[in-house]
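> Below are the sequence and a predicted model; questions follow.
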Amino acid sequence: MEINRPDVVAEVTDAFDRYEAALVGNDIGTLAELFWDSPLVVRYGDGQNLYGHEEIAAFRRSRPVDDLRRDLDRVVITTFGSDCATTAVEFRRLDSGDRGRQMQTWVRTDAGWRIVAAHVSLLP
């Protein structure tokens, strides 16, 4: 298995950048699109355990939209072959100064790169 093939890293980076822009811009449609449309997708967040695309989409529609802007301190993208990748991020929210981290597993699907599992947590 090839780790970090440049063409695959570029594809995942593009998908990740779309996600980040949608996240800070509260683009609910793009956020829903980039999560795998399956009851098997999982997102753990600060106070949420979300199972399935519908629960994740409902969370996005109802979440507070203040304090979305953030700086990314570290981003590590690792690809495994041509169809699987992980992203790891440390971030700082610009308004509150809260610090956190985010992990995502991305898989190439027929619809393109999609997040199949995610975990977000704030640091004390």
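Sure, I can see it. Numbering: from 1, shown residues only.

> Show me the strands in the chain, by range?
Taking DSSP state E, the strands of the chain run over residues 42-45, 48-51, 70-80, 84-93, 99-109, 112-122.

> residue nearest the centroid of the chain?
residue 104 (5.3 Å; CA atoms, centre = their mean).

> Next one: that one from residue 38, what distance?
Per CB to CB, to the nearest Å, residue 104 is found 15 Å from residue 38. Backbone N, C-alpha and C define where each C-beta goes, glycine included.

> cool, residue 15 as well?
Using CB to CB, residue 15 is found at 17 Å from residue 38.

> Who has more neighbours out of these two?
Ranked by neighbour count (other CB atoms under 10 Å), residue 15 and residue 38 place residue 15 first, with 21 against 12.

> For the residue lying closest to the more buried one once chain neighbours are set aside, list the residues it contacts.
Leaving aside its chain neighbours, residue 15 sits nearest to residue 113 (4.0 Å; criterion: CB to CB, 6 or more residues apart in numbering). Applying CB atoms under 8 Å, 6 or more residues apart in numbering to residue 113 gives the contacts 11-12, 15, 34, 85, 106-107.

> again, only using 10 Å
8, 11-12, 14-16, 18-19, 34, 36, 83-85, 106-107 (CB atoms under 10 Å, 6 or more residues apart in numbering).

> Could I get the strands of the chain in CSV, plus columns for mean pLDDT?
Below are the strands of the chain laid out as CSV (pLDDT from 0 to 100):
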stretch, mean pLDDT
strand 42-45, 97
strand 48-51, 96
strand 70-80, 97
strand 84-93, 98
strand 99-109, 98
strand 112-122, 97
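
> now the closest residue in space to residue 8 that isn't next to it in sequence, which residues is it bridged with?
Nearest non-adjacent residue to residue 8, counting by CB to CB, 6+ apart: residue 79, 4.3 Å away. Note on residue 79: beta-bridge partners residue 85, judged by DSSP bridges.

> What is the burial count for residue 79?
Neighbours around residue 79, by other CB under 10 Å: 25.

> Now do stretch 23-35: distance from first to last residue.
Taking CA to CA, to the nearest Å, stretch 23-35 runs 12 Å from one end to the other.
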